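>>> Structure of the sequence below:
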Amino acid sequence: MVSVCMLTELEKYRAIIPFKNPGGMGTNAPMVARELEKLGVKVFMNEPKAEYDVLHIHSPLPESFLWALRRRKSGRPLVVHGRHLPELIKGGFIGGSLAYPFVRGYSVKFYNLGTVVVGATPYVAKSLAKDGVRGPFKIIPNGINREVFVRNEALGAKFRERWGVSPTDKLVLSVGLRIPRKGVDTFVKMSASLKDREDVKFVWVGASEPLLKDALDKTARGQVLFPGHVPFEEIIGVYSAADVFVFPTRAESYGNVMLEAASCGCPLLIRDIPVYEDWVVDGRHCLKAKSDEEFSARLSELLTDSKLRTKMVDGSKQLAAEHDIRRTAQMLKELYESLAVGGAVA
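From the prediction side, this is the model:
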């Protein structure tokens, strides 16, 4: 039986920085760990001092960097996960553009310590290779737990009632940190373009966090309702309330919330950016837009064309099925087993 230590360091830093949103890593990694255990993998969560075959580091935090150095010197297998692209610091962190050169240099040194670099999308590998990361790279999607993310109409109705959205209203939803990179400004402009539609409500779930920019410092709220942070335990009700899920992010390494919404049967309208070129197909899995005007036009299509909306619901469910977390766990298990016996990365 192969064993692995999955290291995130999140709980340690929560005591220093009181963040509410653990991000995709904080919610996804524990789910993947549970699926790995179902496959017979022994998982040590944030226990780097334990005895195990493979160390899998999910974030380039300082202590993780030190563990990576130790692992590299010992010659034992080390997986580093490309969840955090250096470019993502821009448009999110306070002073992110100024810090970018340092973060890029630091990140390249960290990723080059790995026996293998795991990326959720081909774009991750291309982006890191362009920055100077040598690899080898292994593309393994983060995965979505379709047994957890299931549409629940009762929970959806509860969320609507709490925030004053009637059962007959069309609810346009986005979920994510309330930072400029996520496209809050585009979402607000979409609401303004449909201000004459009193039956259409716009809701952005998510808040800013310490050390992060708040998009609302420079963008007026407009017609959008901002409930702030919603605990992960309640997020199914949020997705279940939505008629359309909009993901206007300008940069991403994967986009867990998009897959969560898809699994809950939300039709997707997303920004046409490079990370989604290879695996999210416009017109099949979702609708894509580049400009604010295109977002407004394509949203109007989804709201008025019931056949198109049904097709996009089916497409989003297909996308979620293609990224089932059980497949992710199986791919990781096979990678760990190969590394544990000194095998090459296939």
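>>> Relative to Ser253, how far out is Leu113?
19 Å (Cβ to Cβ, to the nearest Å). C-beta here means a position set from N, CA and C on the backbone, and glycine is covered the same way.
>>> of these two, who's got more company?
Of the pair Leu113 and Ser253, Ser253 is the one with more neighbours under other Cβ atoms under 10 Å, namely 22 against 19.
>>> residues in contact with the more buried one?
Residues near Ser253 by Cβ atoms under 8 Å, 6 or more residues apart in numbering: 82-85, 88, 119-121, 123-124, 275.
>>> Can you pull the poorly scored residue ranges out of this structure?
The chain contains residues with pLDDT under 70 at 10-26, 91, 96, 344, 346.
>>> Which parts of it are helices?
For the chain, applying DSSP state H gives helices covering 10-14, 23-38, 62-74, 96-111, 122-131, 153-162, 184-193, 235-241, 256-263, 292-304, 306-322, 325-340.
>>> CA-only coordinates of the fifth one in PDB, if you can.
In this case it means helix 122-131. C-alpha atoms of helix 122-131 as PDB (Å, rounded to 0.1, in the frame of the first residue of the first chain):
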ATOM      1  CA  PRO A 122      -2.300  22.100 -19.600                       C
ATOM      2  CA  TYR A 123      -2.200  25.900 -19.200                       C
ATOM      3  CA  VAL A 124      -0.600  25.500 -15.800                       C
ATOM      4  CA  ALA A 125       2.300  23.500 -17.300                       C
ATOM      5  CA  LYS A 126       2.700  25.900 -20.200                       C
ATOM      6  CA  SER A 127       2.700  28.900 -17.800                       C
ATOM      7  CA  LEU A 128       5.200  27.500 -15.300                       C
ATOM      8  CA  ALA A 129       7.500  26.200 -18.100                       C
ATOM      9  CA  LYS A 130       7.500  29.700 -19.600                       C
ATOM     10  CA  ASP A 131       8.600  31.000 -16.200                       C
END
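>>> Can we start the residue count at 21 from this point?
Taking 21 as the first residue, the last one we looked at is helix 142-151.
>>> Now do it: everything it contacts.
Taking Cβ under 8 Å, 6+ apart as the rule, helix 142-151 contacts 102, 105-107, 124, 127-128, 131, 137, 139, 155, 157, 159, 273-274, 294-295, 297-299.
>>> quick one: buried residues of it?
Neighbour-count burial for helix 142-151, counted by 16 or more other Cβ atoms under 10 Å, picks out 143-145, 147-148.
>>> Looking at the residues you listed, which one is closest to Arg180?
Comparing these against Arg180 with Cβ to Cβ places Tyr143 closest, at 35.1 Å.
>>> For Met351, see how far away the closest one is.
Distance, Tyr143 to Met351, by Cβ to Cβ: 18 Å.
>>> and if you look at Gly163?
For Gly163, the distance to Met351 - Cβ to Cβ - is 9 Å.
>>> ok, those two, which is more surrounded?
Per other Cβ under 10 Å, whichever of Gly163 and Met351 has more neighbours is Gly163, with 25 against 16.
>>> List phi and psi for the more buried one.
phi 90, psi 150 (degrees, to the nearest 10).
>>> Can you verify my assumption that it contacts Arg54?
No: Gly163 is beyond contact range of Arg54, at 11.5 Å (criterion: Cβ atoms under 8 Å).
>>> one step back: kindly compare burial across the helices of the chain and name the winner.
Highest mean neighbour count of the helices of the chain: helix 276-283, a mean of 27 (counted as mean count of other Cβ atoms under 10 Å).
>>> residues in contact with that helix?
Residues outside helix 276-283 that contact it (Cβ under 8 Å, 6+ apart) are 44, 47-48, 162, 164-166, 169-170, 193, 195-196, 255, 259, 262, 265, 267, 288, 290, 305, 336-337, 339-340, 343.
>>> Compute the inter-axis angle for it and helix 345-360.
In terms of direction (axes from the mean of the first three to the mean of the last three Cα atoms, to 10 degrees), helix 276-283 departs from helix 345-360 by 130 degrees.
>>> who touches the closest residue to Leu323 other than its chain neighbours in this structure?
Once flanking residues are discounted, Leu323 sits nearest to Lys190: 5.6 Å by Cβ to Cβ, 6 or more residues apart in numbering. The contact partners of Lys190, by Cβ under 8 Å, 6+ apart, come to 217, 219-221, 263-264, 323.
>>> Keep only those of the residues you listed that are in strands.
Residues of the contacts of Lys190 located in strands (DSSP state E): 220-221, 264.
>>> residues contacting Phe267?
Counting by Cβ under 8 Å, 6+ apart, Phe267 has contacts 194, 196, 203, 275, 277-278, 281, 288-291.
>>> And Gln350, by the same measure?
Leu59.
>>> how close does it sit to Val137?
For Gln350, the distance to Val137 - Cβ to Cβ - is 19 Å.
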